[in-house]
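Asker: Predicted model and sequence follow; I will ask about them next.
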Amino acid sequence: MENNINEGAAPRKKLGTGAVTAITAAACIVAALCVFLMIWYLGDSYPDFERRFSKEVAIPGLDDGFMPQGIENYDGVTYVSGYMADGSPSRIYAVGEDGEQLGYITVKGKDGPYSGHACGIATNGKKMWMVSEGTVYVLKYSDVKSNMSPDGGEAEVSGTWNAHCGADFCHYDGTYFYVGEFYRKGNYETDKAHRFETPAGDKNTAVILRYSSTTAYESENYDQSNLAPSRAYSIPGEIQGMAFNEKGDKIILSQSYALKNSHILVYEFDQSDTAYESSILKINGKNVRTYFLDSANLTSDYEIPCMSEGLYSDGDKVYVLFESAGKIYAPWVRERLYNVYSFRVRR
């Protein structure tokens, strides 16, 4: 009888060269992805942020899908504007000095509840301005304050006007109202007339416009387009917010887009006769005196975590809002910030 020791056993098959190559390639891809993710989530550092920035009030509404954009502080109350991740009406939240959330309002326009980006807000205590998509929306501050509710109130827009720029952020300095725009090539373009080569040779791609007209503050009409700014500032791209220092001789800009590190840019500008050009920008037939913020007058550049948004200053500190803890970005952001942060500008 034959002794078949292998009878009934399937013969072993060796992997071909192609299969081995494919498995090796897949393993390399997985290893490279793991290394990338470790570097992405653990490998970055922000020396300026860790040394100079302090945690302040918690950003409201994040658990409800609020995506913060603009920030203002008036009479001890911090206001934060933004849109909702689910597309529901945009909100303006209020936070007290002790950090207590006071509530929120939605904004009602002539066509119904507003659900746009609500990019920036500012107030003089009589009016509150909300800016977005080229438009300034005017609210009565008393309506905002009285209708603020933990369950959500509503304030009605009393007027709108054409900002003559993208209207992606705004600021009120006690005398003037400023409205600026965000530029990014391909998806957030600006008017070509707003793009300049600066005296330092930089390519600035957006503007901030300063309005001094009383009409701009007290507007009670819809769709005004006849206002003209008294001054302009030529700025770089990807700017999300602005503030001034106490003396008013430094402009602080918040620069960010998506997941890359943000920058807080501080410019010291000279308002002498040689610091501007008076005929390069024309709005509503008026030449607008234009100052350049570029590498020649950039005095500080703080590199901080991604998605910095609006700014405000109390004269001592500058406060920075972040969007990075918003629900839309949760899977991707390496440094989710749930608070407003503050810093003091280098002197």
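Answerer: Yep, it's here.

Asker: Which residue ranges of the stretch 201-347 of the chain form helices?
Answerer: Counting by DSSP state H, counting those that start in this stretch, one finds helices in the stretch 201-347 of the chain at the ranges 214-218.

Asker: low-scoring stretches of it, by residue?
Answerer: 213-223, 271-274 (pLDDT under 70).

Asker: What segments of it are strands?
Answerer: 203-204, 206-211, 231-235, 239-244, 250-255, 262-268, 276-277, 282-283, 286-287, 290-292, 298-304, 308-313, 318-322, 339-343 (DSSP state E, counting those that start in this stretch).

Asker: what angle separates the third one from strand 206-211?
Answerer: This means strand 231-235. 160 degrees (axes from the mean of the first three to the mean of the last three CA atoms, to 10 degrees).

Asker: picking up where we left off before, in a markdown table: the strands of the stretch 201-347 of the chain, plus mean neighbour count.
Answerer: For the C-beta atoms, the positions are set from N, CA and C on the backbone; glycine is no exception. Listed next are these as a markdown table, based on neighbours: other CB atoms under 10 Å:
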| stretch | mean neighbour count |
| --- | --- |
| strand 203-204 | 16 |
| strand 206-211 | 25 |
| strand 231-235 | 24 |
| strand 239-244 | 25 |
| strand 250-255 | 23 |
| strand 262-268 | 21 |
| strand 276-277 | 18 |
| strand 282-283 | 14 |
| strand 286-287 | 12 |
| strand 290-292 | 22 |
| strand 298-304 | 17 |
| strand 308-313 | 26 |
| strand 318-322 | 26 |
| strand 339-343 | 20 |
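
Asker: now those as TSV including distance to residue 180?
Answerer: TSV is the format used below for these (distance: least, CB to CB, whole Å):
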stretch	distance to residue 180
strand 203-204	12
strand 206-211	4
strand 231-235	7
strand 239-244	6
strand 250-255	8
strand 262-268	13
strand 276-277	17
strand 282-283	14
strand 286-287	19
strand 290-292	13
strand 298-304	17
strand 308-313	11
strand 318-322	15
strand 339-343	20
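
Asker: Run a quick neighbour tally on residue 275.
Answerer: Residues lying near residue 275 (other CB atoms under 10 Å) number 14.

Asker: Make sure it is actually in contact with residue 289.
Answerer: No. Judged on CB atoms under 8 Å, residue 275 makes no contact with residue 289 at a distance of 9.5 Å.

Asker: What residues of stretch 327-343 count as buried?
Answerer: 329, 333, 335-337, 339-343 (16 or more other CB atoms under 10 Å).

Asker: my bad, stretch 110-124
Answerer: Buried-residue list, stretch 110-124, by 16+ other CB under 10 Å: 114-115, 117-124.

Asker: ok so, going back, quick one: which of the buried residues of stretch 327-343 is nearest residue 301?
Answerer: Nearest to residue 301 among the buried residues of stretch 327-343: residue 343, at 12.8 Å, using CB to CB.

Asker: For residue 171, which residues are in contact?
Answerer: Counting by CB atoms under 8 Å, 6 or more residues apart in numbering, residue 171 touches 120, 122, 177-178, 180, 241-244, 311-312.

Asker: tell me which of those residues is nearest to residue 201?
Answerer: residue 180 (22.1 Å).

Asker: tell me the contacts of the residue nearest to that closest one when sequence neighbours are not counted?
Answerer: What sits nearest to residue 180 in space, not counting adjacent residues and going by CB to CB, 6 or more residues apart in numbering, is residue 208, at 3.7 Å. By CB under 8 Å, 6+ apart, residue 208 lies in contact with 165, 178-181, 232-233, 235, 242.

Asker: List the beta-bridge partners for residue 208.
Answerer: Here residue 208 shows beta-bridge partners residue 180, residue 233, assigned using DSSP bridges.

Asker: gap between it and residue 241?
Answerer: Distance, residue 208 to residue 241, by CB to CB, to the nearest Å: 11 Å.

Asker: Noted, bye for now.
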